[in-house]
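> the following comprises the amino acid sequence and a computationally predicted model.
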Amino acid sequence: MGMISIDGDKCKRDGICVRECPTAIIKLKDKESVPQLMRGGDESCLRCGHCVAVCPHGALSHRDIPLEACPPIEKDLKIGLERVVQLLRSRRSVRLFKDKPVEKEIVQQLIKIARYAPTGSNMQLVEYTVFTDRKKIRQLAGMTVDWMKYIQEKFPGEPTAVYMPMIISAWDMGFDSVLRSAPALIVASAPKENRNGMVDISIALAYLELAALPSGLGTCWAGLLQGALLSWDPLKEAIGLPTGHRHHYPMMIGYAKPKYYRLPERKPPRITFK
């Protein structure tokens, strides 16, 4: 089997896959022949699956994205714009979590959903490091506080040092405002060779947190931990990201304690058409 295989009985020779291919490596000789992969096309293929997804006849299969692994889009599962808007507006940054662990099976399911997020050149290089040990998560929060104390002492004029005394004071009083006593922490990362790494990570985490909503899970982007992770070597070692992963961002996750009943408004968007 070549990279793509086409069922001649199902194929209508309509050239849809030819026009859709992002790298233009599928050709249609004439209306009597089925489309074919150009010579050397497998080296340029993005493995995006567009050719499989766009064929309305189910005639085309890809060696790495086989037709049987690509379920059809079900019309009954499509949602309208109003429901999409409510889903997006109902996402909140949750900072109060129930004292309940997040099942590893659910975390795995959310990560599997997040892998459908787009990535630059369809490289799919995002990886995940997951913490579910409360003691370990608290240790990471404490190390972030240590970083803040270091910044205050060595760089008192640093702009970010302004809000640090309040966080340090809260920690000393027993309140974790760094990771909010979250029962789980997900750190998405990508290798330094991935030029689009931070964008890939951000989109993947956005997919993940939206997918978490139906399960009653809340999320919050852990900006304080990220700030420390950028420059505090002891914290980097404690988290233990995969070797060579320069891009990273952590996210708290847990069962949300509060319930929300309204959709707060935001500032009007600034739009410039040119």
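That came through, no problem.
> from Gln36, how far off is the closest residue in space to Ser177 that isn't next to it in sequence?
Counting by C-beta to C-beta, 6 or more residues apart in numbering, Ser177 lies nearest to Ala170, which is 4.8 Å off, once chain neighbours are set aside. C-beta here means a position set from N, CA and C on the backbone, and glycine is covered the same way. According to C-beta to C-beta, to the nearest Å, Ala170 stands 65 Å off from Gln36.
> one more: Leu77?
As judged by C-beta to C-beta, Leu77 and Gln36 stand 34 Å apart.
> who's in contact with Cys48?
The neighbours of Cys48, taking C-beta atoms under 8 Å, 6 or more residues apart in numbering as the test, are Pro22, Asn122.
> re the thing from before, hmm, the residue nearest to Ser177 is touching Met164, no?
No: between Ala170 and Met164 there is no contact under C-beta atoms under 8 Å: 10.7 Å.
> which one's more surrounded, those two?
Met164 (18 against 14; other C-beta atoms under 10 Å).
> isn't that one right up against Glu153?
No: using C-beta under 8 Å, Met164 makes no contact with Glu153, being 10.6 Å away.
> which residues touch the lengthiest strand in the chain?
Ordering each strand of the chain by length in residues (DSSP state E) puts strand 247-255 first. Among residues not part of strand 247-255, those counted as contacts by C-beta under 8 Å, 6+ apart are 94, 97-98, 100, 102, 107, 179-180, 182-192, 194, 197-198, 200-202, 205, 208-209, 212, 216-222, 225-226, 229, 241.
> try stretch 67-76
Contact with stretch 67-76 is made by Gly49, Val52, Ala53, Gly58, Leu60, Ser61, as judged by C-beta under 8 Å, 6+ apart.
> list the buried ones in the longest helix seen in the chain?
Longest among the helix segments of the chain by residue count, using DSSP state H, is helix 134-154. Going by neighbour count (16 or more other C-beta atoms under 10 Å), the buried part of helix 134-154 is Ile137, Leu140, Ala141, Gly142, Met143, Thr144, Val145, Asp146, Trp147, Met148, Ile151.
> go on, stretch 205-224?
205-213, 217-222, 224.
> packing partners for the helix or strand of the chain with the lowest mean pLDDT?
The weakest-scoring helix or strand in the chain, judged by mean pLDDT, DSSP states H and E, is helix 41-44 (a mean of 92). Helices and strands touching helix 41-44, by 3 or more C-beta pairs under 8 Å, 6 or more residues apart in numbering; DSSP states H and E: there are none.
> for the following helix or strand past that helix, give the mean pLDDT please.
Under the assignment DSSP states H and E, the closest C-terminal helix or strand after helix 41-44 is helix 50-54. What helix 50-54 shows for mean pLDDT is 97.
> give me the average confidence score over the next helix or strand after helix 50-54.
Counting by DSSP H and E, the next helix or strand C-terminal to helix 50-54 is strand 60-62. Averaging pLDDT along strand 60-62 gives 97.
> how far does strand 60-62 sit from the chain's center?
Offset of strand 60-62 from its chain centre (C-alpha atoms, centre = their mean, to the nearest Å): 27 Å.
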